[in-house]
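Peer 1: pasting the structure only:
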């Protein structure tokens with residue numbers, strides 16, 4: 001997978017961009033870069049794969065609702081210096097798309113931190129914004145719904161049916177056209193298939 005086009009677009013939009021061949025290299029980079037601060041995590045199979053929670057916990061104060069009390073960790077993560085998340089899709093044109101059920105990940109990526117890191121594997125890359133939205137809704141969201149064991153049509157049909165189920169996990173979507181004003185943002189691209 002070639003990140004050349006998307007890197008050019010991300011840089012033009014004002015993001016810092018780093019690129020790594022492996023998840024291990026990216027994890028080592030982030031572990032060295034993020035030091036002696038408070039760190040929040042958004043729900044992410046990519047971050048789980050990088051084992052960053054345990055690495056960063058050694059020399060930072062870290063909050064992740066996948067590893068700690070859900071409500072307390074979500075709230076604490078909203079007020080950290082640094083926030084880590086992935087993306088449901090990244091368009092080659094530079095837009096980042098995420099879908100959320102609770103809203104902690106979307107809102108944390110939009111406001112309140114000194115810096116946000118989007119850690120993204122090559123499987124999230126799409127041709128354009130339309131394809132990124134399609135991937136977020138019809139690939140990532142059904143996979144997450146199956147993982148959570150909810151009873152929604154996408155679990156059986158493997159695409160979004162725009163259901164009205166009370167168990168629906170895709171309740172909001174954000175599209176980042178650029179870094180939010182007053183908040184640093186870095187895109188960490190990895191040449192591996194990571195996450196959903």
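Peer 2: Arrived safely, thanks for sending. Just so we're clear, the structure is a prediction, and the values are computed from it rather than from any experiment.
Peer 1: strands of this protein, start to end?
Peer 2: 16-20, 38-41, 61-63, 82-85, 89-91, 96-100, 115-121, 125-126, 172-176, 184-190 (DSSP state E).
Peer 1: what packs against the first one?
Peer 2: If contacts are counted by 3 or more CB pairs under 8 Å, 6 or more residues apart in numbering; DSSP states H and E, strand 16-20 sits against helix 4-12, helix 23-33, strand 184-190. (C-beta placed from N, C-alpha, C; glycine too.)
Peer 1: distance of the residue positioned nearest the centre of the chain relative to residue 182?
Peer 2: For the chain, the residue whose C-alpha lies nearest the mean C-alpha position (CA atoms, centre = their mean) is residue 86; its distance is 1.8 Å. Applying CB to CB, to the nearest Å, the value for residue 86 to residue 182 is 23 Å.
Peer 1: for residue 68, same thing?
Peer 2: 28 Å.
Peer 1: the more surrounded of those two?
Peer 2: Ranked by neighbour count (other CB atoms under 10 Å), residue 68 and residue 182 place residue 68 first, with 16 against 9.
Peer 1: quick one, phi/psi of the more buried one?
Peer 2: Phi and psi for residue 68, reported as degrees, to the nearest 10, are phi -130, psi -180.
Peer 1: show the pLDDT at the nearest residue to residue 177 once chain neighbours are set aside.
Peer 2: Spatial nearest neighbour of residue 177, chain neighbours left out: residue 95 (6.0 Å); criterion: CB to CB, 6 or more residues apart in numbering. Residue-level confidence at residue 95 comes out at 98, pLDDT.
Peer 1: cool, and residue 1?
Peer 2: For residue 1, pLDDT reads 69.
Peer 1: then the one 3 residues further on?
Peer 2: According to the prediction, residue 4 has pLDDT 95.
Peer 1: equivalent analysis for the one 5 residues further on, please.
Peer 2: Residue 9 carries a pLDDT value of 98.
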